[in-house]
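Undergrad: Show me how the following folds:
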Amino acid sequence: MARPTEWTPSLWQDTFNELLDDEVDYDDDWNINFNYTLNNKVSPEERKRGWKVFCHCARGKFYCRTCRRSWPSGRVTVLFRYRLRNGRGTVLMRPFGQDCRRCQEGFFDFPGFSERAVEEALLKLFSKIRKNCYGEDDGSDRGSTASDKVWTKPHEKALCEACQQGICDQDDDSEC
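TA: The predicted model follows:
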């Protein structure tokens, strides 16, 4: 099993597949892939082809490969693009990294996530999929567990890859 400080795509894929049948009760085929250059800008042509965007803020942990320091973060941005077309659902995902406060080399380390954090993110994504691809209204947009979070340290925009790209906002989950 990977350490919670390691970026583990298989954890996301496995959890996605485990939750899929319970969360999206339709006959469409869905898959998740990773795109590390993904941004939150959806062109008019992409919108016509059904692409939608969802940003999620999760708790994660980072590990600097240079100085071997690790640190937790309550503000890790995860970007999803998704669409349903001709019975096939596609989710593209990108985790955003953070730079080490000690090294500040301009290199963004990928985050590691607990199983719980991955499941919470994917449950919110599935809620968006049900709402935006299938027209369901399950009331999940009322209230957010994100408002219960207590930030113990300020968010360091200079060390946040999502901030550098203008994607990170300090509000709760958003449509980017």
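Undergrad: At which residues are the helices of the chain located?
TA: 9-23, 44-48, 115-134, 161-164 (DSSP state H).
Undergrad: As a markdown table, these with mean pLDDT and distance to Gly60 would be great.
TA: Just so you know, the C-beta spots here come from the backbone N, C-alpha and C atoms, and that holds for glycine as well. Formatted as a markdown table, those follow (pLDDT from 0 to 100; distance: least, Cβ to Cβ, whole Å):
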| stretch | mean pLDDT | distance to Gly60 |
| --- | --- | --- |
| helix 9-23 | 96 | 12 |
| helix 44-48 | 94 | 28 |
| helix 115-134 | 96 | 7 |
| helix 161-164 | 92 | 12 |
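Undergrad: got those helices as JSON lines, with distance to Leu84 columns?
TA: What follows is these, written out as JSON lines (distance: least, Cβ to Cβ, whole Å):
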{"stretch": "helix 9-23", "distance to Leu84": "13"}
{"stretch": "helix 44-48", "distance to Leu84": "14"}
{"stretch": "helix 115-134", "distance to Leu84": "4"}
{"stretch": "helix 161-164", "distance to Leu84": "26"}
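Undergrad: deepest of those, which one?
TA: Among the helices of the chain, ranked by average contacts under mean count of other Cβ atoms under 10 Å, first place goes to helix 161-164 (a mean of 20).
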